[in-house]
Structure formats: C-alpha cells, structure tokens
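**Q** this one's structure only:
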Ligand SMILES: [Zn+2]
C-alpha cells in the first residue's frame, strides 16, 4: 500500500547493521553530506530512496481503486501501489501489489510506463504503470483495503483521494489521455519541500517499439 507519508524513514537508523553498535550522523567529506556512521567500526551506512510502484488498472472508462483500511489516509481512495521488492521488476511489483490489494490478476507484460514521480520529500521515487483489461475481473479486497471497485472519473471526483493535496491534477490528466487513447509519459515532481509546487513534464510517445 502506498506509504508516501511525510515520515522520513532514513531518520530511523539507530544501530550499525554490521556490528550492532550505535551510529551517529557524521559529515562524510567525499560525499559532501551527513550520513549514519558506526561509532565503533566506522562503516558508513548509505541510504537511498525507495521505489514505489503504482498500477493503474483500466476497464473501459473506469479505474480500479482501493479504499485504505489503515492509517495513514484511512478511508481514502488510491490506485493499487506499494514498495518494489528486491529482485522484482517494476511490472512484477505492480502486478503483485494489484493482486495483494484487490485480488485482480494482471499480467506483468501487459503493463505500460505511464509516469515517473519524484517524491523527494518522502525519500521515494514512484513509477506508475498502466494496464488495460478487456473484461471485468474477479475482485477480492486484501487486508489493506476496506473496499475495492472500478470507478469512473465522476465517481473518483466525489470521493476523498489519499494524499490529494500532493497529487495535483494527475487524475484529470489520466482521464483526458484515456478518452483520447493517446498516452504520454510524464516526469512529475510532487511538492513536498517548502516553496515547491506540483509540476509535470509530459513526453509524447512517438511509437511503441513492440507495437502495443
Ligand atoms: Zn559497526
């Protein structure tokens, strides 16, 4: 389930993963930044953003949406999403999250890249994939969802979306492209730092090399 909260998980390290001693924030000269360094064995603990995969499952003019069963953003709606596992491709991660949260089976090789989202303030990069179903699937909500259903643009407009303040006009953009059946790939920055605003740069897809 999508965890792009304002919690900085990188602040959570207390002990060295090599020797178990305490760690401290120390200036690392060659990297020109502070990192967690072991107080005993001096190992530097490198931390990097996590990869979040989001799967937009389309059936006709509707999208598969999940209602969050837990905090944060409990009761609000969002597309199937979650962190990529080690050893998993983006498409496999998106298919797994979709199945875990909704019971809907989607083929990893049916996924198309839709957008890449910078969520620097939450130490994450999200990759949004889309897949189009030709028939209504069996839905079986997972433990993280209180409700799962396909929703039209009007229906989505009437519910509360999770992290709505951070996602700009992204839902409206998707439906515009869906109506035209002309998708673009987008590079999106979600506003998290003071003074930043949500913005996106879209790239036309000239042609798809596999003909899809
Ligand atoms: Zn250590």
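**A** That came through, no problem. What you are looking at is a predicted structure, and each value in this text was computed from that prediction instead of being measured.
**Q** Please count neighbours and contacts with C-alpha atoms only from this point.
**A** OK.
**Q** Give the ranges of residues in this protein that sit below the confidence cut-off.
**A** 1-11, 192-194, 206-212 (pLDDT under 70).
**Q** Write out the residues of it neighbouring the ion.
**A** For the chain, the residues in contact with the ion (Cα under 5 Å from the ion) are 16, 19, 38, 41.
**Q** What ranges does this protein have for its helices?
**A** Taking DSSP state H to define them, one finds helices in the chain at 90-102, 153-158, 170-180.
**Q** what residues does the longest one touch?
**A** For helix 90-102, contacts defined as Cα atoms under 8 Å, 6 or more residues apart in numbering pick out 1, 53-55, 66, 80-85, 104-109, 111, 127, 129, 139-145, 148.
**Q** same thing but at 7 Å, please
**A** The contact list for helix 90-102 (Cα atoms under 7 Å, 6 or more residues apart in numbering) reads 53-55, 80-82, 84-85, 104-109, 111, 139-142, 144-145, 148.
**Q** how many neighbours does residue 119 have?
**A** 23 (other Cα atoms under 10 Å).
**Q** Likewise for residue 113?
**A** Neighbour tally, residue 113, other Cα under 10 Å: 17.
**Q** Buried ones only from the residues of the chain next to the ion, please, as a ChimeraX command.
**A** Those of the residues of the chain next to the ion that count as buried under 16 or more other Cα atoms under 10 Å are selected in ChimeraX with:
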select :16,38
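**Q** mind listing which of the residues of the chain next to the ion are in strands?
**A** residue 38 (DSSP state E).
**Q** Buried residues of stretch 121-140, list them for me.
**A** 121-131, 139-140.
**Q** Looking at those, which is nearest the ion?
**A** Among the buried residues of stretch 121-140, residue 123 lies closest to the ion (Cα to the ion), at 24.2 Å.
**Q** wait, the closest one sits on residue 49?
**A** Yes. Between residue 123 and residue 49 a contact is recorded at 4.7 Å, counting by Cα atoms under 7 Å.
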